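A.B. asks: Structure here, sequence nowhere to be found:
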């Protein structure tokens, strides 16, 4: 019975969420510069419309920063944990949490199905012994770097796998 109540409450919320996304898209489309950047971000394979809106809204600097700055702003840059002679693990920290969550969520299906560059990166990292979550964080970082480069160049993304990624591991 409780599950039925929850489903009855979730359905209107999901409908409201879709309506809000449509309203936000309509507001973005009224501004030609924002609409052009949204289309460029959405052209990247694996970056759907909700992720593109999240990147555009949560990182307005996209296309105007370096790849390192884009990774740091999104909270996906690896930082060291070294002290003296001790060499600690690298980990991500800081940045914009909701943007990081959106990119990580987009990187999951993109690295398995949609983006050939991310699939090659994920496969290479897993073959090198990295754990699943570390490989996905690396894919999310690569996704924000690709998005930043696409917006900076002003040309849509091309689904080409680099020559080095085609080589067997």
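C.D. replies: Done, it's in. Everything numeric here is computed off the predicted structure, so don't read it as measured data.

A.B. asks: Longest helix in the chain, by number of residues?
C.D. replies: helix 2-29 (DSSP state H).

A.B. asks: Give me the contact list for the next helix or strand after that helix.
C.D. replies: Remark: after helix 2-29, the chain's next helix or strand is helix 32-42, criterion DSSP states H and E. Where contact means CB atoms under 8 Å, 6 or more residues apart in numbering, the residues beyond helix 32-42 that reach it are 25, 28-29, 47-49, 51-53, 55-56, 62-63, 147, 150-151, 154-157. All C-beta spots, glycine's among them, are computed from the backbone N, C-alpha and C.

A.B. asks: Out of those, which end up buried?
C.D. replies: Among these, the ones that count as buried by 16 or more other CB atoms under 10 Å are 28, 47-48, 51-53, 55-56, 62-63, 147, 150-151, 157.

A.B. asks: still on that earlier bit, helices or strands up against the longest helix of the chain?
C.D. replies: Packed against helix 2-29 by the contact rule (3 or more CB pairs under 8 Å, 6 or more residues apart in numbering; DSSP states H and E) you find helix 32-42, helix 49-58.
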